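Participant: Fold the following and give me the result.
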Amino acid sequence: WKYSFGKFLEISMYSTAPTSRACQHSIHQDHVRFFVWRNLIAQFERETIMTTEMIFPPLILNFPTDRGDLIIEKELEMVDSAAEQVYERIHRKFTKHKIELLEALNKERSLFFEELACVSKNLAEINKIKRTLYLNYTAWKSLLPKEEPSEVSRDRAESINSPATDTKRPFMNRTSTRSLPPSAFLPFPLLLPPGIKDEMRFVYEDDFSSVISYTLHSAEYHRQLEIMRAGVHNRTEDSEESLDPLEREINSNEGEVKTEFECEGMKIQCTVYCAVQFRALRATCCAGEDPFLESLSRCKKWETVGGKSRARFYKTLDDRFVLKEILNDDLNEFLQTSSLYFEYLSSALFQQLPTILSKIFGVFTVRFKNATTVRDLPYNFIIMENLNYGHHSTIQQSYDLKGSKRNRMAPAASKVLLDQNFIEEMFSSPIWVSEAQKNTLRAAIWNDSLFLEAIEVVDYSLLLGLNADKNVGVVGIIDYIRKYGVEEQIENAIKRRTGKGDPTVVPPGDYKIRFRHAIESYFPRVPTKATAFVVKDPATL
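Facilitator: Down below sits the predicted model:
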């Protein structure tokens with residue numbers, strides 16, 4: 001056969017014709033082939049490439065119908081564990097001081113766990129039995145003699161070392177550290193008035209998301225919110241008449257809602273920023289407020305790795321949302337550009353603009369005023385979607401990719417690897433993606449990085465969760481709060497003078513170009529017959 005080199009490559013890639021009737025293997029794809037030109041010989045051997053399916057953040061979040069059952073199951077597990085700890089510690093105290101009461105204690109313990117096993121699977125019944133446990137604890141504690149100073153110190157040390165106690169959150173231990181502080185074992189609900197439609201939402205002193213959920217369900221919040229929403233629609237201009245009502249609210253410029261509740265000697269204040277805009281965003285992406293509030297009913301502390309900010313993270317019990325504590329400076333900087341954030345997400349939701357940003361669904365400040373401990377502590381939170389929701393059990397390795405090679409190598413055993421780890425593994429196991437998904441990823445990276453440059457954000461990352469066995473990758477952009485301020489400029493100048501290569505944090509425009517170019521090279525595409533190969537100047541990316 002005499003073919004041009006181009007025709008030879010085309011047939012080699014796309015022809016499936018067998019060699020003969022006796023051999024069903026393709027002569028072009030299943031055999032070693034040679035191309036001869038003058039005194040040169042080139043050998044070609046085909047190797048199958050498995051493409052990785054890229055899963056991008058969904059515009060409309062999925063809420064499984066059995067999600068509520070999962071939350072209740074975890075609640076029951078927490079009550080069971082807390083009861084074990086409470087009764088065990090009381091038993092130890094009585095062994096030293098009240099041996100004659102041990103039989104009665106053991107009998108009550110058995111009755112409590114029998115009652116726990118028969119509890120109906122709804123939050124109201126679970127909270128009722130939590131109250132029972134707390135009252136039992138209080139009654140038994142009253143029978144204990146006054147403790148010696150050494151015992152008080154030991155109990156205080158035990159409560160501080162308890163994994164459920166946050167030493168930097170002193171408001172959580174509302175009762176005395178003498179004896180058995182219940183909040184160290186059992187987060188019991190505070191008794192607050194019902195919200196709209198007379199529905200109960202329970203608040204826990206050690207659970208920030210429950211405070212936010214209660215606030216968004218309270219009558220006072222809805223009263224202020226409806227006034228703001230009415231103002232938005234009353235001020236609608238003729239050019240906005242054709243907009244969807246939710247789109248109109250997302251693009252509005254309304255302020256914050258402040259609420260305050262008091263219970264059992266404690267005042268709880270919650271400030272809801274951009275209340276109208278975030279409410280409309282949740283109504284669009286979460287099919288209304290109810291699924292969002294149900295998720296926020298409880299959360300747990302989440303230990304993350306790889307971050308430099310050392311920020312505290314919490315996850316809702318159903319894993320749907322992540323709460324991240326942020327500094328006052330970060331809060332103020334986000335609020336200054338929040339209108340651009342909502343405008344950008346509005347384009348993604350209503351005009352199908354490709355994006356892979358991990359969406360923020362609310363910004364809040366929670367403040368506790370405790371009359372007992374004389375504390376007045378504010379905590380700022382953003383609530384984001386959890387990119388890995390539904391994929392936790394299948395993700396084998398995670399990568400935090402910034403496009404920089406400086407100090408971006410993590411130990412091989414780390415749960416989250418960095419850019420240099422990823423580049424080294426690319427040589428042996430590249431992550432191939434289809435052309436269609438490559439185009440979507442490229443468009444989203446282009447749009448998102450352009451938006452983040454406009455609001456002067458740097459240090460954002462592409463989070464990749466990879467399952468190599470199933471050829472699935474979960475991707476999304478995270479950590480897009482940090483602005484390029486004076487501190488970042490000083491860090492940039494010092495690292496340029498003392499280090500090799502570019503520093504991690506560079507001006508927004510430079511960060512955008514570096515990020516685009518790196519992500520473009522990290523995920524090679526598998527071409528199709530219609531693929532046009534064009535060499536692009538990296539400076540234009």
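Participant: list the contacts for residue 323?
Facilitator: For residue 323, the contact set (C-beta atoms under 8 Å, 6 or more residues apart in numbering) comprises 208, 209, 299, 313, 314, 315, 316, 381, 382, 383. No exception for glycine: its C-beta is placed from N, CA and C like everyone else's.
Participant: Inside helices: which ones of those?
Facilitator: Counted as lying in helices by DSSP state H, out of those, are 208, 209.
Participant: Give me the buried entries from the contacts of residue 323.
Facilitator: Buried members of those, counted by 16 or more other C-beta atoms under 10 Å: 208, 209, 299, 313, 314, 315, 316, 381, 382, 383.
Participant: In CSV: these, plus distance to residue 435.
Facilitator: Compiled in CSV, the buried ones among the contacts of residue 323 are given as follows (distance: C-beta to C-beta, whole Å):
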residue, distance to residue 435
208, 44
209, 41
299, 41
313, 36
314, 39
315, 35
316, 37
381, 40
382, 35
383, 35
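Participant: pLDDT (mean, whole number) over stretch 125-138?
Facilitator: Averaged over stretch 125-138, pLDDT sits at 79.
Participant: Buried residues in that stretch, which are they?
Facilitator: Those buried within stretch 125-138 under the rule 16+ other C-beta under 10 Å are 126, 127, 129, 130, 132, 133, 134, 136, 137.
Participant: If we only consider those, which is nearest to residue 387?
Facilitator: residue 126 (29.8 Å; C-beta to C-beta).
Participant: name the element that closest one belongs to?
Facilitator: Using DSSP states H and E, residue 126 sits within helix 123-141.
Participant: thinking again about what came up before, any chance of the buried ones among the contacts of residue 323 in JSON lines, with distance to residue 332 and pLDDT too?
Facilitator: Below are the buried ones among the contacts of residue 323 laid out as JSON lines (distance: C-beta to C-beta, whole Å; pLDDT from 0 to 100):
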{"residue": "208", "distance to residue 332": "20", "pLDDT": "91"}
{"residue": "209", "distance to residue 332": "23", "pLDDT": "93"}
{"residue": "299", "distance to residue 332": "25", "pLDDT": "88"}
{"residue": "313", "distance to residue 332": "21", "pLDDT": "94"}
{"residue": "314", "distance to residue 332": "22", "pLDDT": "95"}
{"residue": "315", "distance to residue 332": "26", "pLDDT": "94"}
{"residue": "316", "distance to residue 332": "26", "pLDDT": "92"}
{"residue": "381", "distance to residue 332": "14", "pLDDT": "97"}
{"residue": "382", "distance to residue 332": "13", "pLDDT": "97"}
{"residue": "383", "distance to residue 332": "18", "pLDDT": "97"}
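Participant: Following the chain past the lowest-mean-pLDDT helix or strand in the chain, name the next helix or strand.
Facilitator: Every helix and strand in the chain was compared by mean pLDDT, DSSP states H and E; the lowest is helix 149-161, with a mean of 40. Following helix 149-161 in sequence order, the next helix or strand is strand 189-190 (DSSP H and E).
Participant: just checking, what packs against that next one?
Facilitator: On a contact count with 3 or more C-beta pairs under 8 Å, 6 or more residues apart in numbering; DSSP states H and E, strand 189-190 meets helix 123-141, strand 203-204.
Participant: For residue 366, which of those is the nearest?
Facilitator: Across those, closest to residue 366 is strand 203-204 (C-beta to C-beta), at 10.5 Å.
Participant: What strands line up against that closest one, and which way round?
Facilitator: Sheet pairing for strand 203-204, assigned by DSSP bridges, gives strand 189-190 (antiparallel).
Participant: would you turn the helices and strands packed on strand 189-190 into a markdown table with distance to residue 57?
Facilitator: Shown next, in a markdown table, are the helices and strands packed on strand 189-190 (distance: least, C-beta to C-beta, whole Å):
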| stretch | distance to residue 57 |
| --- | --- |
| helix 123-141 | 29 |
| strand 203-204 | 29 |
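Participant: out of those, which comes closest to residue 3?
Facilitator: helix 123-141 (71.8 Å).
Participant: Can you give the distance of the closest one from its chain's centre?
Facilitator: 32 Å (C-alpha atoms, centre = their mean, to the nearest Å).
Participant: how about the CA coordinates for it, as PDB?
Facilitator: Extracted in PDB, the C-alpha atoms of helix 123-141 (Å, rounded to 0.1, in the frame of the first residue of the first chain):
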ATOM      1  CA  LEU A 123     -36.200  14.700  65.600                       C
ATOM      2  CA  ALA A 124     -38.800  15.700  68.200                       C
ATOM      3  CA  GLU A 125     -38.700  12.300  69.900                       C
ATOM      4  CA  ILE A 126     -34.900  12.300  69.800                       C
ATOM      5  CA  ASN A 127     -34.700  15.700  71.400                       C
ATOM      6  CA  LYS A 128     -37.200  14.500  74.000                       C
ATOM      7  CA  ILE A 129     -34.900  11.700  75.100                       C
ATOM      8  CA  LYS A 130     -31.900  14.000  75.000                       C
ATOM      9  CA  ARG A 131     -33.700  16.100  77.600                       C
ATOM     10  CA  THR A 132     -34.400  12.900  79.600                       C
ATOM     11  CA  LEU A 133     -30.800  12.100  79.700                       C
ATOM     12  CA  TYR A 134     -29.900  15.600  80.800                       C
ATOM     13  CA  LEU A 135     -32.400  15.500  83.600                       C
ATOM     14  CA  ASN A 136     -31.200  12.100  84.700                       C
ATOM     15  CA  TYR A 137     -27.600  13.400  84.700                       C
ATOM     16  CA  THR A 138     -28.700  16.500  86.800                       C
ATOM     17  CA  ALA A 139     -30.500  14.300  89.300                       C
ATOM     18  CA  TRP A 140     -27.600  11.900  89.800                       C
ATOM     19  CA  LYS A 141     -25.100  14.700  90.000                       C
END
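Participant: Quick check: which helices or strands does it pack against?
Facilitator: helix 67-97, helix 102-117, strand 189-190.
Participant: so what pLDDT did residue 205 get?
Facilitator: So residue 205 comes in at 73 (pLDDT).
Participant: how many other residues sit next to it?
Facilitator: 23 (other C-beta atoms under 10 Å).
Participant: thinking again about what came up before, out of the helices and strands packed on helix 123-141, which is the most enclosed?
Facilitator: Counting by mean count of other C-beta atoms under 10 Å, strand 189-190 has the highest mean neighbour count of those, with a mean of 21.
Participant: Now do that strand, average pLDDT.
Facilitator: 72.
Participant: from the middle of its chain, how far away would that strand be?
Facilitator: For strand 189-190, the distance to the chain centre is 26 Å (C-alpha atoms, centre = their mean).
Participant: Same question for stretch 51-64.
Facilitator: 14 Å.
Participant: go on, stretch 405-416?
Facilitator: 21 Å.
Participant: May I see the buried residues of that stretch?
Facilitator: Here stretch 405-416 shows 405, 406, 408, 409, 410, 416 as buried, counting by 16+ other C-beta under 10 Å.
Participant: so how far is the first residue of that stretch from its last?
Facilitator: Taking C-alpha to C-alpha, to the nearest Å, stretch 405-416 runs 16 Å from one end to the other.
Participant: Residue 407 in helix, strand or coil?
Facilitator: coil (DSSP: H, G, I helix; E, B strand; the rest coil).
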